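> Can you look at this prediction? I've put the sequence above it.
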Amino acid sequence: MLHAIRAEQIKLTTLRSSWWTMSLTVGVSLASALLIAANVTGTADQTVDNLATLFLVPAQLTLLAVLAMAVIVSTSEYRFGQLRMTLAATPSRWQVMLAKAAVTMAAAFCVGAATSWLCVLLAKPLLPAGYRLELSDPGALRMVWGLPLYFAVASLLALGLGAIIRNSPAAITILALVSLAVEKTLLLIPQTRHVAEYLPFTAGARITQPSGGLGITPWGGFAVCFLYAVGVFMVAMILVECRDA
């Protein structure tokens, strides 16, 4: 199992595109947070609300790149026929999938942690004096560490969907449409708002938001997102075992 994880780690980290994509995305996300911080005015004494303001745009930008990375991890080998070589080295397909999941989730967590902490630490000096941003306040650390946790679980869902569909553009398009269009639209409609709260990305994002606003709690939403991700990944594991490479 350790050899499979090491192999997947080498595949991911030796691709220049992975480094460039993640670096540029974190950079753009950080620039967005700094721009927001430099233009806010007035006073606000609720740290969790201020964190939500800083994370709103940056988190969405970085999430899309993380989802795309996770999809490519599971589909690229099908596209170029490299999966046969991988399975020759590690015949147990479930080990290959678990190794991909471990490496992808670790990478997503690191990207999320870099995004959240850089946004907070570098944006804080730009905020007005009356704009409170203290991580010791209730709920603040949950939001800061919740972002990388959310990214890790979302990447597992994307990895599973990629393995099910075996087509990078299709899987990435579905994920983008669901997270940016479908769920956001359902949240705006009063009749479907209570349903949208329990959809994967809306529920998962609750861990990065203040406790109020929606009926589902932050940790409850994260648990719902985790169940979605595990369910999709389990379906992917079954199909990988049954289908031809």
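Perfect, thanks for sending it. Numbering: from 1, shown residues only.
> which element is the spatially most central residue of the chain on?
Most central in the chain under CA atoms, centre = their mean is residue 151, positioned 2.5 Å from the mean C-alpha point. Assigned by DSSP states H and E, residue 151 belongs to helix 140-165.
> roughly how far is that helix from the heart of the chain?
4 Å (CA atoms, centre = their mean, to the nearest Å).
> picking that back up, grab the nearest non-local neighbour of the residue nearest to the centre of the chain.
With CB to CB, 6 or more residues apart in numbering as the criterion, residue 151 has its nearest non-adjacent residue at 3.5 Å, and that residue is residue 112. C-betas here are computed from N, CA, C, even on glycine.
> ok so that neighbour is a strand residue?
No - using DSSP: H, G, I helix; E, B strand; the rest coil, the assignment for residue 112 is helix, not a strand.
> isn't it right next to residue 66, touching?
Yes - Residue 112 lies in contact with residue 66 (CB atoms under 8 Å); the separation is 7.4 Å.
> on that earlier part again, list the buried residues of the helix holding residue 151.
140, 142-165 (16 or more other CB atoms under 10 Å).
> Just give me the residues shared between the contact sets of residue 112 and residue 66.
residue 151 (CB atoms under 8 Å, 6 or more residues apart in numbering).
> Which residues are in contact with residue 226?
Contacts of residue 226 (CB under 8 Å, 6+ apart): 153, 204.
> Give me the neighbour count for the residue lying closest to residue 156 once chain neighbours are set aside.
For residue 156, ignoring the flanking residues on the chain, the nearest one in space by CB to CB, 6+ apart is residue 229 at 4.2 Å. By the criterion of other CB atoms under 10 Å, residue 229 has 24 neighbours.
> likewise residue 29?
Residue 29, neighbours per other CB under 10 Å, totals 25.
> ok, it - contacts?
57, 58, 59, 61, 62, 115, 119.
> helix/strand/coil for it?
Going by three-state DSSP: residue 29 is helix.
> returning to that earlier point: ok, so of the contacts of residue 29, who is nearest residue 127?
residue 119 (11.7 Å; CB to CB).
> Would you mind stating the distance between residue 25 and residue 154?
14 Å (CB to CB, to the nearest Å).
> If you could redo that for residue 57, that was the one I meant.
17 Å.
> re earlier: of all the residues in whichever helix or strand comes after the helix holding residue 151, which ones are buried?
Sequence-wise, the next helix or strand downstream of helix 140-165 (DSSP H and E) is helix 168-176. Neighbour-count burial for helix 168-176, counted by 16+ other CB under 10 Å, picks out 168, 171, 172, 174, 175.
> If we ignore the residues flanking it in sequence, what's nearest the last one?
By that I understand residue 175. residue 67 (4.8 Å).
> Now do the contacts for the one you found.
Residue 67 neighbours (CB under 8 Å, 6+ apart): 154, 155, 158, 172, 175, 176, 179.
> surely residue 38 meets residue 128?
No - contact criterion CB under 8 Å: residue 38 and residue 128 do not qualify, at 10.1 Å.
> hang on, the earlier thing: any idea how far the helix or strand that contains the residue nearest to residue 175 is from the chain center?
Per DSSP H and E, residue 67 falls inside helix 47-80. Relative to the chain's own centre, helix 47-80 is displaced by 4 Å; criterion: CA atoms, centre = their mean.
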